[in-house]
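K.L.:
Here you go, sequence then predicted model.
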Amino acid sequence: MQINKKLITIAVLAALAVVAAIVWQNLQQPPLPEGIASGNGRLEATEVDITTKYPGRLASLDAKEGDNVKAGQVLARMEVRELEAELRQAEAQVKQAQKQRSAAEAFIRQRKSEVALAEKNLSRSRELYENKNISIEQLQSSETVVQTARAALAASQAELANTEAMIEAAMARVETVRTRIDDSVLKTPIDGRVLYRLAEPGEVLPSGGKVFTVLNLFDASMTIFLPTGQAGRLRIGDEARMIFDAIPEYVIPAKVTFVSPEAQFTPKEVETRTEREKLMFRVKVHVDPELLAKHSDIVKSGVPGTTYIRLGADVVWPEQLKVRLPQ
């Protein structure tokens, strides 16, 4: 009986092993044809930090984690009461300087009239002197009056120039404060999805303080590493395919956008063929931005998967790597 039980146990285990082998074999993907390279990696999307340009208190937030945002959309606002007070002061300085300019222009008109009158008097004094009707002292007095009037005119013109400079400085101050107020409104420079919300209203942040991190859903790529023999055959723009672990039923088209000119994971000096075969090159593959835009709701950074690259235009994609996209 014991022998029969052992035989039965062995037979059952053998049957289970056969079944497991068949199932395992059925689950395996068909082998890749020659001319197709592959590597594992994770989908990476560009992350953009939304930061403060100047230190201050965070007044409000207009987005939360997971929100889809458009380029130029307001995400947060800083308190600007002090800046608004500075702006009013700067604008008042502009008005004051403009009034001073008006006064200086009026003085110039007056000085010009005085110069004109003094020059006429000097002309008459010269005629009178030539006719010996006045003394040389009286002529010199008229000349002095002209010189004094011209000096006063020059001083008024200098004052006008100084006032013009004051206006420019005050207007520059106004522009600076307005720019700071504009910079206190934090906007996203890209379309994307809010990945992290890193601050809350009321917090005092330093210059460069992070408020949000926005994920650029239209710039997604996967980095893989290929050996020398395969990397050497790659060209920028070569076709690729991506299959992600989370959605293996889809095959995503992509293209090679970068091949590192330097090898990694190897000694600096390679002397033998065996060592040369250990050379690995970093390769970056991007998904088409239009495709990402169409399916932005399901794009997730960090998802692991496998990238397949065709090493030549004459290589035919096997059935399991033909493009299959979500509807």
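P.N.:
Yes, it's here.
K.L.:
distance between the lengthiest helix in the chain and the chain's centre?
P.N.:
If you go by DSSP state H, the chain has its longest helix at helix 81-130. Its chain's C-alpha centre and that of helix 81-130 lie 49 Å apart, by CA atoms, centre = their mean, to the nearest Å.
K.L.:
do stretch 253-261 as well
P.N.:
23 Å.
K.L.:
can you give me the strands for the chain?
P.N.:
36-51, 56-61, 68-69, 74-78, 185-187, 192-197, 204-205, 210-227, 239-244, 247-264, 280-287, 304-310 (DSSP state E).
K.L.:
Show me the contact partners of the third one.
P.N.:
Spelled out, it's strand 68-69. Residues external to strand 68-69 that are found in contact with it (CB atoms under 8 Å, 6 or more residues apart in numbering): 63, 75, 188, 191, 192, 193, 194, 214, 296. Using the backbone N, CA and C atoms, a C-beta is placed for each residue, glycine as well.
K.L.:
so what's the second one up against?
P.N.:
In other words, residue 75. Counting by CB under 8 Å, 6+ apart, the residues that residue 75 touches are 50, 61, 62, 63, 69, 186, 187, 188, 194, 211, 212, 214.
K.L.:
Please convert the strands of the chain to JSON lines, extending it with mean pLDDT and distance to residue 162.
P.N.:
Below are the strands of the chain laid out as JSON lines (pLDDT from 0 to 100; distance: least, CB to CB, whole Å):
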{"stretch": "strand 36-51", "mean pLDDT": "92", "distance to residue 162": "41"}
{"stretch": "strand 56-61", "mean pLDDT": "95", "distance to residue 162": "35"}
{"stretch": "strand 68-69", "mean pLDDT": "92", "distance to residue 162": "49"}
{"stretch": "strand 74-78", "mean pLDDT": "96", "distance to residue 162": "36"}
{"stretch": "strand 185-187", "mean pLDDT": "96", "distance to residue 162": "36"}
{"stretch": "strand 192-197", "mean pLDDT": "92", "distance to residue 162": "51"}
{"stretch": "strand 204-205", "mean pLDDT": "95", "distance to residue 162": "41"}
{"stretch": "strand 210-227", "mean pLDDT": "91", "distance to residue 162": "44"}
{"stretch": "strand 239-244", "mean pLDDT": "93", "distance to residue 162": "68"}
{"stretch": "strand 247-264", "mean pLDDT": "89", "distance to residue 162": "58"}
{"stretch": "strand 280-287", "mean pLDDT": "92", "distance to residue 162": "59"}
{"stretch": "strand 304-310", "mean pLDDT": "93", "distance to residue 162": "68"}
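K.L.:
Would you mind giving those strands as CSV with distance to residue 89 added?
P.N.:
As requested, the strands of the chain are exported to CSV (distance: least, CB to CB, whole Å):
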stretch, distance to residue 89
strand 36-51, 28
strand 56-61, 18
strand 68-69, 35
strand 74-78, 19
strand 185-187, 21
strand 192-197, 35
strand 204-205, 23
strand 210-227, 28
strand 239-244, 58
strand 247-264, 52
strand 280-287, 51
strand 304-310, 57
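K.L.:
So for residue 168, which of the ones you listed sits nearest?
P.N.:
Taking CB to CB, strand 185-187 is the member of the strands of the chain nearest to residue 168, at 26.8 Å.
K.L.:
so how far is that closest one from its chain's centroid?
P.N.:
With CA atoms, centre = their mean as the basis, the mean position of strand 185-187 lies at 13 Å from the chain mean.
K.L.:
Return the closest of the contacts of strand 68-69 with respect to residue 222.
P.N.:
Once CB to CB is applied, the member of the contacts of strand 68-69 that ends up nearest residue 222 is residue 296, at 17.2 Å.
K.L.:
So the nearest residue to that closest one once chain neighbours are set aside versus residue 317, what's the distance?
P.N.:
Leaving aside its chain neighbours, residue 296 sits nearest to residue 217 (4.6 Å; criterion: CB to CB, 6 or more residues apart in numbering). Computed with CB to CB, to the nearest Å, the distance linking residue 217 and residue 317 is 26 Å.
K.L.:
quick one: which of the two has more around it?
P.N.:
Neighbour totals were compared for residue 217 and residue 317, and residue 217 leads with 23 against 16 (other CB atoms under 10 Å).
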